[in-house]
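> got a predicted structure plus its sequence, pasted below:
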Amino acid sequence: MSEKSARLADQRERLVALAAAQRTALAHNIEPWRIPLARVDQGLAVLRVIKRNPAWIVVSGVLLAALLRGNSMKWLRRGWVAWQMLRGLRSR
């Protein structure tokens, strides 16, 4: 093996070891964020579903109004405003 090939093999070996050490350090540093990031991901999935099906907001508003009976008109108005806002955002 030539001297240049030996140098390249040594350099490659050092770089592979360095990459392995960096992967280990990154995995160790990311571990505390694993659960919070999973929750954020779940929240974004819920928002995507709601964006695709905005009628769910209206249904939940009507359901809430039915459960609270005393303030049902106020909640229905809020639900209507929310529905209109979502339709406006969706049309963009």
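Cool, the structure landed. Residues are numbered from 1 along each chain as shown.
> low pLDDT regions in this structure?
Of all residues in the chain, those with pLDDT under 70 make up the ranges 1, 70-72, 75, 92.
> ok, the residue nearest the centre of it to residue 33 distance?
By Cα atoms, centre = their mean, the chain has its centre lying nearest to residue 41, at 2.8 Å. Distance from residue 41 to residue 33, counting by Cβ to Cβ, to the nearest Å: 12 Å. Where C-beta positions appear, they are placed from N, C-alpha and C, glycine not excepted.
> likewise for residue 84?
Applying Cβ to Cβ to residue 84 and residue 33 gives a distance of 37 Å.
> okay, domains of the chain per the record?
Per automatic domain parsing, the structural domains of the chain span 1-52, 53-92.
> residue boundaries of the helices in the protein?
With DSSP state H applied, the chain shows helices at 3-30, 34-52, 55-68, 72-90, listed in chain order.
> gap between stretch 23-39 and the chain center?
Stretch 23-39 sits 15 Å away from the centroid of its parent chain (Cα atoms, centre = their mean, to the nearest Å).
> so residue 56 makes contact with residue 50?
Yes. Proximity of residue 56 to residue 50 meets the contact threshold set by Cβ atoms under 8 Å, at 6.1 Å.
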